[in-house]
Structures are given as C-alpha cells and as structure tokens.
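Colleague: Pasting the sequence and the predicted model now:
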Amino acid sequence: MSPRQPVPEYQPVRFYKIVAISFLLLTVLLLAVIAFMTTKRAEITIITKEDPAVVDTAVSIGSTQSAVSVAGVVTSTVVQLTKVYEPTGNREEPGVATGVVTLHNESSQAQPLVATTRLLTPDGVLFRLKNYTVVPAKGTVQAEVYADKEGASGNIAPQSRFTIPGLNDTLQQVIYASSNSAMTGGVRKIGVLSDADVEKAKSMLTAELEELGKSELQNKFADMQGVYTVKDTTITTEATVGSELAGFELKGQATVIGVLYDKQAVEDFAERALSSRVIDDAEVAIPSEEEPTVTLEAYDVALGTASLNVAFSGVLTLNPNSKQLERSMFFGKDKDEVRRYLLSLDHVYSVDVKFKPVWVKTIPYVPEHVKVVVKKVE
C-alpha cells in the first residue's frame, strides 16, 4: 500500500479567493441593479378637456308635495307712482329753470326770507325763492328756487355759493345759499304726443312700479333672495294723443308678487344637481362662479306656495384624485399601454409619457419614481 499523498496547502486559499471574488461580483451586480432601479423614472402628463354641463330643474317654496323644497316666503305688495314723461320732441322753446338750494345761516339769529327773495350766482344769474322760508340760526334748510328769466341761461351747474342781495353786506357774509345739483328746465322740448310715446312711457312706468315693489319686499325680507312679477297693472293719463305739449303725466298702480327664498339653500341644491351628472370616480363636476339663474314658474299667494326654475352651469372634467389615476395603475406598462388606457377615460385630450434614463421602456414599480401630471387643454 502506497503512502497517502499530502494535500497541497494552496487549495484552501484558492477556494476562499473564489468565494470572495464571487461575493464581490454579486455585490457589484446588486449595486448595479439597485442603481438601475433608483434611476428609473417616468413622468405621465395628461391633458384634459372640460365638457360644459347645465342643470335645469324645479324647486318648490312652501310646498310639502315636492321632493325638492327650500324655505321661503310668497307675498305681494301694492305700489303706486305718478311720473311725467316727455313726448318725442321736434322743437325747443324757452322754459324756467328750477332746482333746490341749501340756505346757510352762520349767525346767531333765525333769518326769515319771503317768497321771490333773490339769489345770485357769481356769474350774475338770478334765481328766486319759490316759498317763504326761515333759515334757523347756526343751521341750514333746503328750499326750491326758480330762474328769474326764461331760457338756457338758467340751466346752471351746482354752485358753492349764492349771495342774497336783499340782505345788508354784513348778513350776506353769514347768510347765503349753495346747491348740490344742477338747475334744469331752461329749455323745453315740445312735441306732438303719439301712441308710441304713451306705450313707451307705460312700459317704463311698469318697470318702475316693479322696482318699487321689489325694493319694498326686499327691504322687508333683507336676509333672503327674491324673484318678482307684476300683475293687475293700471296706468292712466289725461293727455290726448295728437296734442302738442312738453310733458305728459302717467299714474300707475300695480301688484308686485315676490317669492323670497334662502339663497344659500338654492345654491347648494344647484351644486348637488350638477354633481349628480358625474358618472363615476374618474369624473368631477366643477361649478361655475356665476350664481344660479332663478325664474318664477308659478305661484299662489293665498297658499304661500311657488315653483321656481333653477338653472346652473359648470363643467365636467377628469378627476385628478380618482383611483383610475393612481400610480399603481401604470406599473410595468409601456408607453403605448399607458396611452391606450388613459385615452379610454372620458375628458382625456392627449397623453405624453417620458422615461428616464432614455433606455427605460416601462413604468417603474416604485411609486415615488412615477409622476402623474394633469393639465387642462389650452
């Protein structure tokens, strides 16, 4: 039996060297994979298009029979007005300018002024008091005045000071007049009254009656919004069509119906109605900045009920916070797959996908390395 050959001493060293080199290579490979994964990024830009949306629906006031009802008041008021209107003029003639002044008394004694007392502007235009007036000591009082002469010279702008020639020089320094509005009427337009003049004036007076009624009711229910309509309008005039005159008087009376409601409740309802147009989570409704348009459809003052039509607009567009746009939806997809998926959603106009580095072809599985940007189409 031959003696055992001795094992060379260098073999264990070689073995460990191979293990060390293998470990080093694996470490380098792992670092390379990590580096590749950490540099792999994607940016998805979605251009959206907005589609207009309009809701048009009914809201009830004071009714328990309707599914949609808001708090409100149905009421009415009777208003009266008398106004003077001008016919279509075809010639001018001199008139007497009139207006209102404020009389000032800086003295310690009241000052009576008779009717026709003269008031003189710095330019020498003379006016007279229409009525007897007493100007209180250390006070003021308003009074009507008229021009001393007919004609356009009486149509003057507001004045800071009228002197009163009938007073002595000392009193003129402390008792005087001023005006805040122009004097008018120095020239009158004369025209032949026509049916068109009367109808136009009736229309204007009807509108003024409605505004007067609206103002009264709105002041009474100041915390509410209102819609209004006019009924039982009566307008009369004593002027005769075909006569030549400078102006004609109309007397009017009307009943103004007011439906006043909780403004915020109607706006909330309109926004809810718009939101109901949304089909799924991928869509969102954006309300208009304008207030809803509310019109009166029907009313019953005796029952205190009314029906309103509420129209409201907004837009429907892609919801950037929807689950359809979560970054995990794109993991592992290439550019074409991302585009096909996104273009299948409503309101998507175009899609752009960019990778970094350039040799990357699919969306990384790391959420922090995926950026989703949503923009509106310009």
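Modeller: Sure thing, it's come through. All values derive from a computational prediction rather than experimental measurement.

Colleague: Can you give the domain ranges for this structure?
Modeller: For the chain, the structural domains run 74-88+189-261, 96-185, going by automatic domain parsing.

Colleague: right, and these - which one's nearest Leu316?
Modeller: Judged by Cβ to Cβ, the one of the domains of the chain that comes nearest to Leu316 is domain 74-88+189-261, at 26.8 Å. Glycine gets a C-beta too; all of them are placed from N, C-alpha and C.

Colleague: next one: that closest one to chain centre, how far?
Modeller: Averaging C-alpha positions (Cα atoms, centre = their mean, to the nearest Å) puts domain 74-88+189-261 27 Å from its chain's average.

Colleague: any idea how far Arg91 is from the residue nearest to Glu244 when sequence neighbours are not counted?
Modeller: What sits nearest to Glu244 in space, not counting adjacent residues and going by Cβ to Cβ, 6 or more residues apart in numbering, is Val192, at 5.4 Å. In this view, Val192 and Arg91 are 10 Å apart by Cβ to Cβ, to the nearest Å.

Colleague: try Thr133
Modeller: Separation of Thr133 from Arg91 (Cβ to Cβ): 36 Å.

Colleague: Can you pick out the residue with more neighbours from the two?
Modeller: Using other Cβ atoms under 10 Å as the criterion, Thr133 and Arg91 rank with Thr133 on top: 18 against 10.

Colleague: Surely the more buried one touches Ala143?
Modeller: Yes. Using Cβ atoms under 8 Å, Thr133 is in contact with Ala143, at 4.7 Å.

Colleague: shared neighbours of these two, anything?
Modeller: Residues touching both Thr133 and Ala143 by Cβ atoms under 8 Å, 6 or more residues apart in numbering: 103, 113.

Colleague: For the closest residue to Ala265 other than its chain neighbours, give me its contacts.
Modeller: Excluding the flanking residues, the one nearest Ala265 by Cβ to Cβ, 6+ apart is Val70, at 4.2 Å. With contact set as Cβ under 8 Å, 6+ apart, Val70 has these partners: 59-61, 261-262, 265-266, 269.

Colleague: Quick check: phi and psi at the spatially closest residue to Leu303 that is not a sequence neighbour.
Modeller: In this structure, Leu303 finds its nearest non-sequential neighbour in Gly62, 7.3 Å apart by Cβ to Cβ, 6+ apart. Dihedral angles of Gly62 (phi, psi; degrees, to the nearest 10) stand at phi 70, psi 10.

Colleague: same check, this time on Ala201
Modeller: Note on Ala201: its backbone torsions stand at phi -70, psi -40 [degrees, to the nearest 10].

Colleague: ok, it touching Leu250?
Modeller: Yes. Checked against Cβ under 8 Å, the pair Ala201 and Leu250 is within contact range at 5.5 Å.

Colleague: Buried by neighbour count: which residues of stretch 83-102 qualify?
Modeller: For stretch 83-102, a neighbour-count test (16 or more other Cβ atoms under 10 Å) marks 83, 85-87, 95, 97-99, 101 as buried.

Colleague: Farthest pair within those?
Modeller: Farthest pair in the buried residues of stretch 83-102 (Cβ to Cβ) is Pro87 and Val101. Separation: 30.1 Å.

Colleague: And the pLDDT for Trp359?
Modeller: On pLDDT, Trp359 comes in at 83.

Colleague: That's all I had, so thanks and see you.
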